[in-house]
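Participant: Next comes the sequence, and after it the predicted model I'd like to discuss.
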Amino acid sequence: MRRLAIYILMVFAIRLGADAHKLIDSLISEGNRAYELGQVDKIKACADSIDFILNAGGMGNNNLIDYKAALLKLRGNQYYEDDQFYMADYCYREAQNLIDRNSGVDFHGLDLLLPRERAQLHYRLGEYDQAEELLKTADDIIEYGGRYRVGDDNYLTHKLSYALTMARNRKIDEALEMAAGELAKALDRNSRAYTNAERMYAKILLLADVDKEGALTAYKRYFDKQKKFAMANFANMNAIEREQFWHQLRPFIADCYLLEEADPGFIYDVALFSKGLLLELLQRSGNGKASKKALKSLNYRWTDIQKKLKRGQAAAEFIAYEKDSEAEMAVVIVYPEGKPKFIKLTRPAAVLEEAGEGLETTEIYDKDYIYESESVNDLVWTKPLIQSLEGVDRLYFAPDGYIHRLAIEYLQGAAEREVYRLTSTRRLMEPPRSVRAEKPMLLVGDINYNAWLDLSATDNDQRAFSSYQGTFFPILAAQFDETSTILEDRNNKLDRRMALQYASEAAFRTEAPDYESIIVSTHGCFRGRTPMATDIKPTATDDCLSQNIIAFAGVNPNLGNSSLDPYTMADGLLSAREIRDLDLRRCRLFTVAACQSALGVITSDGVFGIQRALKNAGVDAMLLSLWTVESDATSRLMRLFYANLAEGMTPRRAFAAARKALIDVTLPDQTVYVFDPATLSYKETTENLHPFEAPSRSNAFILIDALE
């Protein structure tokens, strides 16, 4: 509908002539706002609309040059957000050429904006010399052109960005002098621009490595202001405004982790706050506003978590960050008594090198080596980490970085204690809701992906549709559909099973909000890349959520249907972005019995995928997979799990028992061929086989946020 509305506006604007200029001005502003939020689809939509209007004619020759330059700038922003840096640079340069060749044209500030955009591009690529040179150009325009008032917010933001870039080039003294001097000139010390300038000044102090205490003080002051701002304003913010706030906060999160052992409690508080924004404040509350529960959670500190811990328990927040161009991993641990501990862990590069392709790939191969390897275990569960957990028999942890893809709870280092995986340890502050076996359950399975269905009108994820066009989803073997067995075993007349052509995306969207327990047995897929971020302007957005999908009835013909409008019609792909927009606050357990359902794009903000989408939608506990799963093992595991739940076990105990039973499955007297060195040939014999004991079969699924 949005695309149709824009098209109608364009038609009217072209017919009205002069109004086309107003529409283009509006589209430029909207595109610039989308760039600030990293929303590549919106940037492209605005640029496409401007391009359409300019090529349609009827506007005369006035103002076309500045519009063409603005269009090129937006195209550059689009390519920048899509990691196509060569094309971004090309568009920026072409826009700059238009400005240089037309000195008499009013480009409405684009001559100042472009050098800053190009500086951001070079900064992101680590080309700090070029970035500084371009910011010097922008600085000259500001100083000699009188564009900004000295000390106002725009002036301050530019000057601190310039100083930060100089610090990157090791011009520390100049950077510190400029930053301190410009902060002293600030006209509004209560503005968010001033607060952000303080954050950049603290980053310069960190880069200078001369005043870590000063940096810590500045960061604490910034953090306090941001928390107060959030508490005062989030209740009335819509989703876009909340997202904008988060994007402005992200560089601060990355900076704080560089403080390392300077104040572990502060780092823990920052981790709680940031994950609260990501996982709680986007939850639905019925009116699109932040819920009171979510707002309350922003005030949680490590001391609150400590009060929830009993003797023999600990809570840990893993943190992934970058230092001196190297990826780092650490953990901050809170105990029932005493101060938190900051523990530096093995660099991710070393873990990834030892684990090989097995950790990077979404496929099943090489998973056995990772979980059976002592060297991988020792790199993850390091001696300092094990020593810090002496006397701890229950550990609650929230992952970060590569740990989103590695089930550390199944490694040998976790064998001596109960290990609970949480999206955030702030979950300990919430009273757990039990999964009530007697309550109605929604089961989706035995799906007919080839069914031709009537197209249903809905807000569809066009980006997911484009990513998966040409993909074919084969029908899963009926004997491995666990939903029919679970339905029969439960024998609850109020349960609802959706199957065959009736298991459509539209039907699921309608039914899902009414159930406490949901299982979807289907194909899942993740196609992603990891975006980058910088100190000046972070990137990454929930566009990443379009790369994770689960498939429903009719998806195959829909993906090949040229008449399907991917913006307004359900395509049979339910993306993580679409899951996020469902109201699943009633759901206490959501299982996706599919491949790769726990995966996502891993950024400095965590993992963008189905698990984040489910949390944003309001789900409590989730059972999801880390790689491409084997049908027989998955079907058996799910049947065992739900049978245990029906007997009254908690989800955690039910899942642990189901995994053990799966590992212990024995196929007696199976014919095998064993090599006989005496005859240099294979000899037929019989053995009792355990077909699912390999980690690739038994470790694929992880239980998240299952608190008893």
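Facilitator: Noted; the coordinates are in hand. Numbering: from 1, shown residues only.
Participant: Let me know the secondary structure of Tyr567.
Facilitator: Three-state assignment for Tyr567 (DSSP: H, G, I helix; E, B strand; the rest coil): coil.
Participant: Pretty sure Thr458 is one of the things it touches, is it not?
Facilitator: No: in this structure, Tyr567 is not within contact of Thr458 by Cβ atoms under 8 Å, at 9.9 Å. Using the backbone N, CA and C atoms, a C-beta is placed for each residue, glycine as well.
Participant: Leu703 and Gln387: what is the separation?
Facilitator: 27 Å (Cβ to Cβ, to the nearest Å).
Participant: per-residue confidence averaged over the longest helix along the chain?
Facilitator: In the chain, taking DSSP state H as the definition, the longest helix is helix 212-233. In this model, helix 212-233 has a mean pLDDT of 85.
Participant: now for that helix, which elements pack on it?
Facilitator: Other helices and strands packing on helix 212-233, by 3 or more Cβ pairs under 8 Å, 6 or more residues apart in numbering; DSSP states H and E, are helix 192-208, helix 239-257, helix 264-279.
Participant: the more surrounded of Leu703 and Gln387?
Facilitator: The neighbour comparison of Leu703 against Gln387 (other Cβ atoms under 10 Å) goes to Leu703, with 22 against 9.
Participant: so how far is Thr650 from that one?
Facilitator: From Leu703 over to Thr650 the distance is 10 Å, taken as Cβ to Cβ.
Participant: Likewise for Asp514?
Facilitator: 23 Å.
Participant: likewise Arg199?
Facilitator: For Arg199, the distance to Thr650 equals 43 Å [Cβ to Cβ].
Participant: Report the central residue of the protein.
Facilitator: Phe608 (2.3 Å; Cα atoms, centre = their mean).
Participant: And the spatially closest residue to Ala218 that is not a sequence neighbour, how close does it get to Glu117?
Facilitator: If the residues on either side of it in the chain are set aside, Ala218 comes closest to Ala202, at 3.7 Å by Cβ to Cβ, 6 or more residues apart in numbering. Per Cβ to Cβ, Ala202 is found 25 Å from Glu117.
Participant: Which one's more surrounded, these two?
Facilitator: Applying other Cβ under 10 Å to Ala202 and Glu117 shows that Ala202 carries more neighbours, namely 26 against 22.
Participant: my guess is the more buried one meets Leu258, correct?
Facilitator: No: the pair Ala202 and Leu258 does not pass the contact test of Cβ under 8 Å, sitting 9.8 Å apart.
Participant: The residue nearest to Gly126 when sequence neighbours are not counted: neighbouring residues, count only.
Facilitator: Among residues not flanking Gly126 along the chain, Ser325 sits closest, at 7.5 Å (Cβ to Cβ, 6+ apart). Counted with other Cβ under 10 Å, residues neighbouring Ser325 total 6.
Participant: got it, and the one 10 residues further on?
Facilitator: Taking other Cβ under 10 Å as the criterion, the count of residues near Tyr335 is 19.
Participant: Without its sequence neighbours, what residue ends up closest to it?
Facilitator: Nearest one to Tyr335, counting by Cβ to Cβ, 6+ apart, is Ala314 at 5.4 Å.
Participant: what helix or strand does that neighbour sit in?
Facilitator: strand 313-323 (DSSP states H and E).
Participant: returning to that earlier point: give the buried residues for the longest helix of the chain.
Facilitator: Using 16 or more other Cβ atoms under 10 Å as the burial criterion, the residues of helix 212-233 that qualify are Lys212, Ala215, Leu216, Ala218, Tyr219, Lys220, Tyr222, Phe223, Lys225, Gln226, Ala230.
Participant: got those residues as JSON lines, with distance to Leu487 columns?
Facilitator: Output for the buried residues of helix 212-233, formatted as JSON lines (distance: Cβ to Cβ, whole Å):
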{"residue": "Lys212", "distance to Leu487": "60"}
{"residue": "Ala215", "distance to Leu487": "58"}
{"residue": "Leu216", "distance to Leu487": "57"}
{"residue": "Ala218", "distance to Leu487": "58"}
{"residue": "Tyr219", "distance to Leu487": "53"}
{"residue": "Lys220", "distance to Leu487": "54"}
{"residue": "Tyr222", "distance to Leu487": "53"}
{"residue": "Phe223", "distance to Leu487": "50"}
{"residue": "Lys225", "distance to Leu487": "53"}
{"residue": "Gln226", "distance to Leu487": "48"}
{"residue": "Ala230", "distance to Leu487": "44"}
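Participant: quick check, nearest of the residues you listed to Ala594?
Facilitator: Ala230 (35.3 Å; Cβ to Cβ).
Participant: residue contacts, the closest one?
Facilitator: When contacts are counted by Cβ atoms under 8 Å, 6 or more residues apart in numbering, Ala230 touches Phe245, Leu277, Leu295, Leu298.
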